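> Below is the structure, and that's it, no one-letter string:
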């Protein structure tokens, strides 16, 4: 299976809903890092640059195998 790099931005707040943004999926980790570099100076992102997270994942793999409570 091919590895791809899933880029997210997440920020937790004590008094309101957290921010979770799916930025994109990239072919290489270097591509994901370039995306971060292009966004880190933008409003919101620049205030919390440590919020970027790169998650390597395999194509064709189901990542969530259980139900959920609604």
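Cool, the structure landed. As the structure is a computational prediction, the values presented were derived from the model and not from experiment.

> Which phi and psi values does the nearest residue to residue 12 once chain neighbours are set aside adopt?
Leaving aside its sequence neighbours, residue 12 sits nearest to residue 18 (C-beta to C-beta, 6 or more residues apart in numbering; 4.9 Å). For glycine as for every other residue, the C-beta is placed from the backbone atoms N, C-alpha and C. Backbone torsions of residue 18, given as degrees, to the nearest 10, read phi -70, psi 160.

> try residue 25
phi -120, psi 130.

> Please apply the same query to residue 39.
According to degrees, to the nearest 10, residue 39 has phi -100, psi -20.

> My read is that residue 36 contacts residue 52, right?
Yes. Using C-beta atoms under 8 Å, residue 36 is in contact with residue 52, at 4.8 Å.

> So for those two, which sits in the more crowded spot?
Between residue 36 and residue 52, residue 52 has the larger neighbour count (other C-beta atoms under 10 Å), namely 20 against 17.

> List the residues that contact that one.
Residue 52 is in contact with 7, 8, 9, 23, 36, 39, 40, 45, counting by C-beta atoms under 8 Å, 6 or more residues apart in numbering.

> ok, back up a step: give me the common contacts of residue 36 and residue 52.
Residues within reach of residue 36 and of residue 52 at once, by C-beta under 8 Å, 6+ apart, are residue 7.
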